[in-house]
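Asks: Test case, fold it:
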Amino acid sequence: MRLHLSSEIVLNTVSENFYAPKTAVERSEITRMEKVYTDIFPKVEQGAKNIADAICNEITAKSQLGKFCVLGLGTGQSVIPIFDELIQRYERKEISFKNVVVFNAYEYFPLSPDSQLSAISQLKSRFLNHIDIPEQNIYTLDGTVAQENVQEQCRLYEERIQTFGGIDIMLLGIGRIGNIATNEPGSILSSTARLILIDATSREEMTMSFGLQEPVPPCSITLGIADILASRKIYLTAWGEEKADIIKATVEGHMSDAIPASFLQTHKDAHVVVDLSAASKLTRIIHPWLVTSCNWTDKLTRAALTWLCQVTKKPILKLTNKDYNENGLSELLALYGSAYNANIKIFNDLQHTITGWPGGKPNADDTHRPERAKPFPKRVIVFSPHPDDDVISMGGTLRRLVQQGHDVHVAYETSGNIAVGDEEVTRFMHFVNGYNQLFMNSENETITSMYKDIKEFLATKKEGDVDTPAVRTIKGLIRRGEARTACTYNDIPLDHVHFLDLPFYESGKIEKLPMTEKDVEIVRDLLREVQPHQIFVAGDLADPHGTHRKCTDAVFAAIDVEKEAGAEWLNDCRIWMYRGAWAEWEIENIEMCVPMSPEELRAKRNSILKHSSQMESAPFLGNDERLFWQRSEDRNRATAKLYDSLGLACYEAMEAFVEYKPL
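Replies: The predicted model follows:
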């Protein structure tokens, strides 16, 4: 069963020539904007193997010389695939780590001796405890020392590194703000090991890597930029769309202490290793016409012309031959004969993405419509990772599908219980207990007992404690109630509302369990029951908490299994991917765009507001201070504004979709 199909979505739009050049000359041409040697792989696993090869080769070479191989290691999410690959090679007896010395790149501060939040404990649990490295070969900074002793410890740590001849390979991830190890923005090129305050964004990211709700300590003792650059070889890894902007800034931007990772541009043997999603903002991927000749597909032409419109601040139909020539798009003039011909072609392509009939317009010519006229009405399943993503992401389209007579089902894939604050539980328990007192004379002993137990648990609950099963159940019930209310508001029958409660989510922590075949079978059962003509699924794979990707992988895996089984319903089914609060589809990839009037946008907002537990008190609003309905409206209005700026119809707001074709 293929459980990671979402990682291959980007392959539908990127030519292999742009990420895997066949010759050194081709590579030199397409990477002319890049200031750090960068390898792009279509899958995370391939990138991890590339780095693991280099590490194993270095270990073997040093072993043959009777020397230690010295590794500097970070502990973030990005390096886990490399650790997993190295562990597998050790288990297959392909490599031994007995001649390896490890220096932990940073440690949190201050720490108590029994803290769960130490970087070294994370490094051991994810890697070192699973290989044969001698305990005495593991060195780390100590987050439990008194603050007045930190600087002396840093000096001794750097001296210890030098006694082993320096670090052979440094392996690090990169934070969303460009931090490496915990060298935050403002860290200078000559910085050495020191105590540093962790930025709020980095702290949130590091907390998530532990999978606990207790935040990591506010400070860190870290190797400095100068210490990192003293390593003979450096690997920097990143995976996923959420790292695309910072990878572009690191690899192609100006070197600056505002982005500490950019200092890798000064190193003679630094390597950035990323997947296609993390590389998606690099020039050779997003604007390849600026670095090489292109094979001009319709989609690439659309991307080039929408980019040219933004550069020239003109709508499509006003672009001239001069605009093309002055901005590196003369190839398109040769291909189409004139700017006018190219303009008309792309204008019509974009025009045809706009539809007020997301389920297809009955009895209409659907030649240039994104959806088929028949069958009508359609059976539709909207898969929602959390119990509000349906309305946040496609609330206008959802409402229109219902109003236009389609048979709409909504499937909430997870309980969403971890995103409910404790005060919501208290409020509902007060209500239930009050009901018991007023209408049942407190005779329901279950309510009385649970009220007492939950009240005591919440009163003594510490930051980072996992909720009891009873509390998690109540939080899940709160979200179910809100989802039902929103569905009723949108006229979706409650027997068409499905709560799948996929098991991978029920860890009680931020970090979820692995998505497995058990999750896939739950989704598959619903697909076989409904046999939909349309499926809507989350495509915002940059979701910082990872739940969306796992939910989408479960749906794609279920579809894949059904395809292998020869399911006939799939022959007449289209799958559409939406995006939510985090990002929007790039306009060159949009294949269906559903407009909304001011009244429809207001109705969408009302649907989102039914999820009251996710408003001001929601635990995971992140650094973006806008509420979910505000993010959603801003995104939808921005899409409409973009279409307007290109010279197409001007709407209040628009929801965009990309078709997924089973791989």
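Asks: Strands along the stretch 51-200 of the chain, start to end?
Replies: 69-73, 100-104, 106-109, 138-139, 169-173, 194-197 (DSSP state E, counting those that start in this stretch).
Asks: same deal with the stretch 501-650 of the chain?
Replies: 534-538, 574-578, 592-596.
Asks: Against which helices or strands is the last one packed?
Replies: Think strand 592-596. helix 389-403, helix 628-645, strand 653-660 (3 or more C-beta pairs under 8 Å, 6 or more residues apart in numbering; DSSP states H and E). C-betas here are computed from N, CA, C, even on glycine.
Asks: If we use 6 Å, what do you get?
Replies: strand 653-660 (3 or more C-beta pairs under 6 Å, 6 or more residues apart in numbering; DSSP states H and E).
Asks: where does this protein dip in pLDDT?
Replies: Low-confidence segments of the chain (pLDDT under 70): 7-13, 210-213, 541-545, 582, 616-624.
Asks: looking at it, which residue ends up farthest from its center?
Replies: Going by C-alpha atoms, centre = their mean, the residue of the chain most distant from its centre is residue 441, 50.3 Å out.
Asks: I'd like the distance between that one and residue 297.
Replies: 73 Å (C-beta to C-beta, to the nearest Å).
Asks: coming back round to it: with mean neighbour count added, can I get the strands of the stretch 51-200 of the chain in JSON lines?
Replies: Shown next, in JSON lines, are those (neighbours: other C-beta atoms under 10 Å):
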{"stretch": "strand 69-73", "mean neighbour count": "24"}
{"stretch": "strand 100-104", "mean neighbour count": "24"}
{"stretch": "strand 106-109", "mean neighbour count": "26"}
{"stretch": "strand 138-139", "mean neighbour count": "16"}
{"stretch": "strand 169-173", "mean neighbour count": "25"}
{"stretch": "strand 194-197", "mean neighbour count": "17"}
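Asks: out of these, nearest to residue 660?
Replies: Comparison of those against residue 660 by C-beta to C-beta identifies strand 169-173 as nearest, at 28.7 Å.
Asks: Distance from the closest one to the middle of the chain?
Replies: The chain centroid and the centroid of strand 169-173 are separated by 21 Å, computed with C-alpha atoms, centre = their mean, to the nearest Å.
Asks: Which strands border that strand, and is each parallel or antiparallel?
Replies: Next to strand 169-173 in the sheet, as set by DSSP bridges, lie strand 69-73 (parallel), strand 233-238 (parallel).
Asks: Output those strands as TSV; include the columns distance to residue 567.
Replies: Formatted as TSV, the strands paired with strand 169-173 follow (distance: least, C-beta to C-beta, whole Å):
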stretch	distance to residue 567
strand 69-73	46
strand 233-238	37
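Asks: what distance separates the start and the end of stretch 437-453?
Replies: Using C-alpha to C-alpha, to the nearest Å, the end-to-end distance of stretch 437-453 comes out at 17 Å.
Asks: Now that stretch: buried residues?
Replies: For stretch 437-453, burial by neighbour count (16 or more other C-beta atoms under 10 Å) applies to 444, 447, 450, 451.
Asks: what does that stretch rub up against?
Replies: By C-beta atoms under 6 Å, 6 or more residues apart in numbering, the list of residues contacting stretch 437-453 from outside reads 429, 432, 433, 436.
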